[in-house]
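> Provided below for reference: sequence and predicted model.
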Amino acid sequence: MQWDIVIGLEIHVQLATKTKIFSGSSTAYGAEPNTQANAVDLAMPGTLPVPNEQAFRYAVMFGLAVNAEIERRSVFERKNYFYPDLPKGYQTTQLERPIVGPGYVDIDLANGESKRVGIHHAHLEEDAGKSLHEDFHGMTGIDLNRAGTPLIEVVTEPDMTSAEEAVAFAKKLHGIVTSLGICDGDMSQGSMRFDVNISLKPNGSETLGTRTETKNLNSFRFMEQAIAHEVERQMDILEDGGTIVQETRLYNGDRDESRSMRTKEEANDYRYFPCPDLLPVEIDDSFIEEARNSLPELPDARKARFMDQYGLNDYDAGLLGGDSRLAAFFEEAVSNGKDAKLTSNWIQGEFSARLNAEEKSVADSPISGAQLGDLVVRIADNTISSAGAKKVFEALWSGENDNVDAIIDAKGLKQVSDTGALEAMVDEVLAGMPDQVAQYQNEEDPKKRKKMLGGFMGPLMKASKGQGNPKLFNEILVKKLGD
Amino acid sequence: MHNKSVAELSRELERGEISSVELTQQFLDRIKQEDGRFNSFITVTQEQALADAKAADEQRAAGDATPWTGVPFAHKDIFCTNGVRTTCGSKMLANFVPPYDATVTENFRKAGAVCLGKTNMDEFAMGSSTESSYFGATTNPWGLSQGDKRVPGGSSGGSAAAVAARLVPAATATDTGGSIRQPAALCGITGLKPTYGRVSRYGMIAFASSLDQGGTMARTAEDNALMLNVMAGFDPKDSTSIDRDAPDYTATLNEPLKGLRIGLPKEYFSDQLSPAMEEQVRNAVKEYEKLGATVKEVSLPNAKLAIAAYYVIAPAEASANLSRFDGARYGYRCDDPKDLMDMYTRTRAEGFGTEVKRRILVGTYALSAGYFDAYYLKAQKVRRLIQQDFINAFKEVDVLMSPTSPSPAFVQGEKTNDPVTMYLEDIFTIAINLAGVPAMSVPAGFVDGLPVGLQIIGDYFSEARLLNAAHQFQQVTDWHQREPQ
């Protein structure tokens, strides 16, 4: 049977406020356990929450960025359950009246088409602390530094039909929140966490199948794998005539396995009710307008500008414009390097490959945009070959030297572009290869001729000690051999 | 000395007739000698009090005094006191020493008042008799001479008994459904529950957050006004506190009452009230008429629903508020927990008393899936109707008057096995908390040698008018000056 895949996402986005949503403690990542938890965060008796206005501003900015309605009066509720890293015994969150109402995001698909994914709502809530099971023999340690960090939980409509679409949406959302500056986007530190709801239904059926939720996916790659894994698992069950159990599952990305965490029957009754310590949040027009005026350029607008301003194609502009840090890096590079297409190629090629290989983000790059720009300039003006450019890139990355021209000089990478000298070398090499020259000249197929041209390049580069400009060698060869 | 009011003691300190150290020592001695009979204190902070008194004397000498500088008083053991054990009357917090002050505590500290200790209370403020305290019941100073051990009311029974027994001239208290007014009435003292949001709840251990309000207990209305001057005001640490200036509550105490419009809610003069109690209350109202007030009957048609609504909303909020007592971070933890669930269940089973557990269960039930609409949402609707009743009544009159409690102090143990009868103790006080308006209890006579309280209810933020009305009454009556034998 043919199956339709139905995917909806829930995304926890940690807001980059300096202090927590209901207390004055710092939200900085990586401090010693429990050094960023005050009496309110520890839920000491009698302490009370005081809302952080910045969290509301960020939530409103997010709502505006995803074309959503902003609720003028949102209400915090208590979600009750016992867990050691939840100090109050309830999470302060929103249910009936979330701050961000329905909206949407448009994503680009590989086939060049665009698709609209609905946002059901987004609500503000506090994060829990962390339970540390590994460092304490037979016991669990509790770190409450994260407790009370503001989150928005974004809930999509079940509009996605493949892992590719889900990942495209996730990346788009990542680009939006990092462009807004409301989240640092660092998924390895849990700044964005994805839960995926998946169900299958017979091709064309109107009725949704039973769904499962796979929790806490903290990379795009794991998300893609987890979806593929879960789709296959459900398909196997359905094909065998079985039924899907509504449950929450945990995916282990390292082993590509998943296991059931709890079924619907085991789910808590959270006994939500409005939090009596917090008044309903009233948001007025001026607050919304202020937030609107503070919105930076967002991925869609930036993509359009990159196409217009730099002549990038749809794909390149979407990729570079979609991530605010990458976009900033590109713009810094191109302001030095001029050649936008070449700059784009280098960012997507060598630069991204190195980042991925070393699991670094753009922010951790040892190379600045300006340095990459300088490198592109030297490629474009034929000072260095692409092989030479890779050597320069290597030296920049390793920190051997931070100046492109100094590296070119020190390594002797400057190309010979003196046409007279190059012609002399070509004449000499061709004279030494009469059979190949004849073979070439007798060949009718232009494709084969082009390939044979490569046969002369090796000896030419050798004759020029690697410093001949390959592009010029090529032009001279074609001229000398007759086209 | 122990019969003097805060206002009188303040004047004597100001004139240098006595030092705060002497005064503090006298009251500490008195607590030591007398409190064995009442058990009104959980903790007496002798050393800290004497040190604070010495500092207060120095402050007075330096000419930098407030009316409270050097005046002794006590805190209900629900207000967190930095460095001093704060138990809320529970085994769960028997060892809890907060590293912070409640805003109310901080305000009294700043005013230079000398705290002698922490007073007894029903566990987590859940009760009307101060019998559910882990630290033993408090006994009402009234009735002992007749050989009866009677309850002081609750939950602020420790504060009320201590003030009535002249162990302190004043004490803080809290009121969620009547916990200031009912014990004030049963102990023959004056108590005020302010408008919800008037006094900060920060550091005041929560029972039912939307109903809890800190307030005052002393023998005179004037002393209540002096206390409220210290306690009232906006607190940025409490989102539900109201950003509105607090007046000087002593400034209007002597306004004449001529033309004051008094309403008597007919629902509060019903069968539940004994004729003897009713007579005392009506006599008090007559005094007001002599002072120039006019009286008419009004109606609070939904008042009869107040107890039912309250016993859904208060336990619902309490069930979440008390979840933090899990043994993980502070307070009681059971011995040798086998695993997490064992730690939770035994810590809470052993750490909470019967009434607290009953309310947690009731609240959890009311919030559960399938019951939420029928209980919690319905109760909230009733609450809005009750609020509207008061808003309507205050379109016609300036204050409402009623008995504070249906009967005088009862004998200990009489109602402990019948929770619903105990809940009916608050039949005249609970609607006020649901509406959020302020109310006082003022001594207004005796029945069988036991004090009777007159409840005066005002519109939102009318504390100054309530205190004025109580003060004027106390200029022409001496019920508040009677001393238990």
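Alright, I've got the coordinates. Residues are numbered from 1 along each chain as shown, chains lettered A, B, ... in the order given.
> list the contacts of the closest residue to residue B:87 other than its chain neighbours.
Leaving out its chain neighbours, the residue that sits closest to residue B:87 by CB to CB, 6 or more residues apart in numbering or on different chains is residue B:93, at 4.7 Å. In short, each C-beta sits where N, CA and C put it, glycine included. In this structure, residue B:93 makes contact with A:45, B:86, B:87, B:205, B:325, B:331, B:332, judged by CB atoms under 8 Å, 6 or more residues apart in numbering or on different chains.
> distance of residue B:93 relative to residue B:237?
Between residue B:93 and residue B:237 the computed distance is 20 Å (CB to CB, to the nearest Å).
> now the most centrally placed residue in chain A: which helix or strand?
For chain A, the residue nearest the mean C-alpha position is residue A:171 (4.9 Å; CA atoms, centre = their mean). Element membership for residue A:171, per DSSP states H and E: helix A:163-180.
> helices or strands up against the helix or strand just after that helix?
Later in the chain than helix A:163-180, the nearest helix or strand by DSSP H and E is strand A:192-202. In terms of contacts (3 or more CB pairs under 8 Å, 6 or more residues apart in numbering or on different chains; DSSP states H and E), strand A:192-202 is packed against strand A:3-14, helix A:163-180, strand A:212-217, helix A:220-239.
> what does the helix or strand of chain B with the lowest mean pLDDT contact?
Ranking every helix and strand in chain B by mean pLDDT, DSSP states H and E puts helix B:419-423 at the bottom, with a mean of 86. For helix B:419-423, contacts defined as CB under 8 Å, 6+ apart pick out B:127, B:128, B:129, B:307, B:311, B:355, B:358, B:415, B:416.
> how about the residues of the stretch 51-200 of chain B by chain A?
Applying CB under 8 Å from any CB of the partner chain, one finds that the stretch 51-200 of chain B approaches chain A through B:79, B:80, B:86, B:88, B:93, B:96, B:98, B:99, B:100, B:102.
> burial measure for the closest residue to chain A within the stretch 351-485 of chain B, as a count.
Taking CB to the nearest CB as the measure, the point where the stretch 351-485 of chain B comes nearest chain A is residue B:367, at 3.8 Å. Burial of residue B:367, expressed as a neighbour count using other CB atoms under 10 Å in any protein chain shown, amounts to 24.
> what parts of the stretch 251-400 of chain B come near chain A?
If contacts are counted using CB under 8 Å from any CB, the residues of the stretch 251-400 of chain B sitting beside chain A are B:316-317, B:319-320, B:323-324, B:326, B:328-331, B:340, B:344, B:364, B:367-369, B:372, B:376.
> which among those count as buried?
In those, burial by neighbour count holds for B:316-317, B:319-320, B:323-324, B:326, B:328-331, B:340, B:344, B:364, B:367, B:372, B:376, counting by 16 or more other CB atoms under 10 Å in any protein chain shown.
> which stretches in the stretch 51-200 of chain A count as helices?
Taking DSSP state H, counting those that start in this stretch as the criterion, the stretch 51-200 of chain A carries its helices at A:53-65, A:163-180.
> specify the local secondary structure of the residue of the stretch 351-483 of chain A found nearest chain B.
Chain B sits closest to residue A:359 of the stretch 351-483 of chain A, with a gap of 34.8 Å, by CB to the nearest CB. Remark: residue A:359 carries the secondary structure label coil [criterion: DSSP: H, G, I helix; E, B strand; the rest coil].
> ok, now residue A:260?
Put simply, residue A:260 is strand when judged by three-state DSSP.
> show the model's pLDDT score for it.
Per-residue pLDDT puts residue A:260 at 92.
> ok, it - how many residues close by?
Residues near residue A:260, counting by other CB under 10 Å, number 12.
> element containing the closest residue to residue A:404 other than its chain neighbours, please.
Excluding the flanking residues, the one nearest residue A:404 by CB to CB, 6+ apart is residue A:374, at 4.0 Å. When elements are assigned from DSSP H and E, residue A:374 belongs to helix A:369-380.
> state the mean pLDDT of that helix.
92.
> the nearest residue to residue A:57 once chain neighbours are set aside: how many residues sit nearby?
Distance criterion CB to CB, 6+ apart; nearest residue to residue A:57, sequence neighbours excluded, is residue A:291 at 5.6 Å. Residues within reach of residue A:291, counting by other CB under 10 Å, total 22.
> now residue A:308
Residue A:308 is flanked by 10 other residues according to other CB under 10 Å.
> quick check, residue B:133 in contact with residue B:122.
Yes. Residue B:133 lies in contact with residue B:122 (CB atoms under 8 Å); the separation is 6.2 Å.
> and those two? Which one has more around it.
When residue B:133 and residue B:122 are compared on other CB under 10 Å, the one with more neighbours turns out to be residue B:122, at 31 against 28.
> ok so, going back, please name every helix or strand in contact with the strand or helix carrying the residue nearest to residue A:57.
Under the criterion of DSSP H and E, residue A:291 resides in helix A:285-293. Helices and strands in packing contact with helix A:285-293 are listed as helix A:53-65; criterion 3+ CB pairs under 8 Å, 6+ apart.
> okay, angle between the helix it packs on and strand A:3-14 too, please.
Between helix A:53-65 and strand A:3-14, the angle comes out at 150 degrees (axes from the mean of the first three to the mean of the last three CA atoms, to 10 degrees).
> for the closest residue in space to residue B:201 that isn't next to it in sequence, what are phi and psi?
Nearest residue to residue B:201, sequence neighbours excluded (CB to CB, 6+ apart): residue B:238, at 5.1 Å. Its backbone dihedrals place residue B:238 at phi -120, psi 110, with angles given as degrees, to the nearest 10.
> mind listing what residue B:238 touches?
Contact criterion CB under 8 Å, 6+ apart gives A:48, A:50, B:103, B:200, B:201, B:202 as the residues in contact with residue B:238.
> could these be laid out in JSON lines, adding secondary structure?
Formatted as JSON lines, the entries for the contacts of residue B:238 read as follows, by three-state DSSP:
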{"residue": "A:48", "secondary structure": "coil"}
{"residue": "A:50", "secondary structure": "coil"}
{"residue": "B:103", "secondary structure": "helix"}
{"residue": "B:200", "secondary structure": "coil"}
{"residue": "B:201", "secondary structure": "coil"}
{"residue": "B:202", "secondary structure": "coil"}
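> drop anything exposed from these.
Using 16+ other CB under 10 Å as the threshold, A:48, A:50, B:103, B:200, B:201, B:202 are the buried ones among the contacts of residue B:238.
> quick check, nearest of those to residue A:369?
Within the buried ones among the contacts of residue B:238, distances to residue A:369 taken as CB to CB reach their minimum at residue A:50, with 40.8 Å.
> tell me the contacts of the closest residue to chain A within the stretch 51-200 of chain B?
Using CB to the nearest CB, the closest approach of the stretch 51-200 of chain B to chain A is made by residue B:80 at 4.9 Å. Listed by CB under 8 Å, 6+ apart, the contact partners of residue B:80 are A:44, A:45, A:46, B:86, B:98, B:100, B:101, B:102, B:105, B:203, B:204, B:205.
> and the furthest pair within those residues?
Farthest pair in the contacts of residue B:80, by CB to CB: A:44 and B:105, 13.9 Å.
> strands of the stretch 251-400 of chain A, start to end?
Chain-ordered strands for the stretch 251-400 of chain A, with DSSP state E, counting those that start in this stretch as the definition, fall at A:257-263, A:273-274, A:281-282.
> and the last one, what other elements does it pack with?
By that I understand strand A:281-282. Contact here means 3+ CB pairs under 8 Å, 6+ apart; on that basis strand A:281-282 packs against strand A:73-74.
> and the closest residue to residue A:162 other than its chain neighbours, bridged to which residues?
Ranked by CB to CB, 6+ apart and with sequence neighbours excluded, the top spatial neighbour of residue A:162 is residue A:5, at 6.0 Å. According to DSSP bridges, residue A:200 are recorded as the beta-bridge partners of residue A:5.
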